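Novice: Compute the structure for the input listed below.
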Amino acid sequence: MFERYRNDDRGQVGIGTLIVFIAMVLVAAIAAGVLVNTAGFLQATAEDAAQESMNKVTNRVEVLNAHGVVGTDGNIKDINLTVRLAAGSGSVDLNTTTVKYLSPTTAQTLTNQTTAGGDDGTPNTADADEFGIKQVAGNDDTFGVLESMDDRYELRLAPSDIESDTNGAGDDKGLSTGDQVTLEITSRNGGTTTVIFSVPQQLAGKDDGDPVKL
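Specialist: Next up is the predicted model:
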């Protein structure tokens, strides 16, 4: 009724079955390796993207105050901004920072032209496509770099040159009463600070070189 097997019976596996088994193991190992490499690549990419996004949000400047300077024609010829690091920001190098200048008639991207502190402590003169910087407070050994919340720099822009150059005017144009200008200050890492100024009505009676709060 029941079959009886001897203790010395042995099963046999063909060479084909063995080859298939080895192939399955190799395929599984290769697939696992691909998955591990892909997961590592995706993790590294996600970390880089997260860091870049964080830099764009945090590594930027804050504008503390701003004033214009009246020119000989009664318009605003210069704009001076006092900046520091924004809260939570890492260091920002003004030497590699750009300023996008946008008025109703003009759009211009400005780069920093000041490479030293200046003998008299004043920033280099700004022009149609460059802005100047002046160190107000901070480490003299790292000119142009905002490293802590105690550092202060003044940025100088020249609307008289910017407006005249881009509009082809022969004289200094500058900004008139009621004009509005938007400035986008962007660090090397992509952190951007946007400020909007309107030229006030109090230009009447102002002399050349007089400051006007913006």
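
Novice: who's in contact with stretch 97-113?
Specialist: For stretch 97-113, the surrounding residues in contact (Cβ atoms under 8 Å, 6 or more residues apart in numbering) are 61, 94-96, 124, 126-133, 144, 155, 157, 159, 162-163, 165-167, 175, 179-188. Just so you know, the C-beta spots here come from the backbone N, C-alpha and C atoms, and that holds for glycine as well.

Novice: Drop anything exposed from the residues you listed.
Specialist: The neighbour-count test (16 or more other Cβ atoms under 10 Å) applied to the contacts of stretch 97-113 identifies 61, 94, 124, 126-133, 144, 155, 157, 159, 162-163, 165-166, 175, 179, 181, 183, 185-187 as buried.

Novice: Could I get the pLDDT score of the residue nearest the centre of the chain?
Specialist: For the chain, the residue nearest the mean C-alpha position is G190 (2.4 Å; Cα atoms, centre = their mean). G190 carries a pLDDT score of 83 in this model.

Novice: Next up, phi/psi of it, please.
Specialist: Backbone torsions of G190, given as degrees, to the nearest 10, read phi 100, psi 0.

Novice: What separation is there between it and L26?
Specialist: Applying Cβ to Cβ, to the nearest Å, the value for G190 to L26 is 46 Å.

Novice: same question, Q108
Specialist: Q108 sits 62 Å away from L26 when distances are taken as Cβ to Cβ.

Novice: try A66
Specialist: Applying Cβ to Cβ, one obtains 68 Å for the distance of A66 from L26.

Novice: And these two? Which one has more around it.
Specialist: Neighbour tally, A66 and L26, criterion other Cβ atoms under 10 Å: the higher count belongs to A66, 18 against 10.

Novice: Pull out the buried residues from the one helix or strand N65 maps to.
Specialist: Per DSSP states H and E, N65 falls inside strand 61-70. Of the residues in strand 61-70, those buried under the neighbour-count criterion (16+ other Cβ under 10 Å) are 61-63, 66-70.

Novice: Off-centre distance for stretch 16-25?
Specialist: Averaging C-alpha positions (Cα atoms, centre = their mean, to the nearest Å) puts stretch 16-25 57 Å from its chain's average.

Novice: I'd like the mean pLDDT over that stretch, please.
Specialist: In this model, stretch 16-25 carries a mean pLDDT of 78.

Novice: Only the buried residues of it, if you could.
Specialist: Of the residues in stretch 16-25, none count as buried by neighbour count, 16+ other Cβ under 10 Å.

Novice: Can I get it in CSV, CA atoms only?
Specialist: Included here for stretch 16-25 are C-alpha records, laid out as CSV according to Å, rounded to 0.1, in the frame of the first residue of the first chain:
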residue,chain,number,x,y,z
GLY,A,16,20.2,23.0,-16.8
THR,A,17,18.4,23.5,-13.5
LEU,A,18,21.6,24.5,-11.9
ILE,A,19,22.4,27.1,-14.6
VAL,A,20,18.9,28.6,-14.2
PHE,A,21,19.3,28.9,-10.4
ILE,A,22,22.7,30.6,-10.8
ALA,A,23,21.3,33.0,-13.4
MET,A,24,18.4,33.9,-11.1
VAL,A,25,20.9,34.7,-8.3
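
Novice: now, which of the contacts of stretch 97-113 lie within strands?
Specialist: The strands, defined by DSSP state E, take in 61, 130-133, 155, 157, 180-186 from those.
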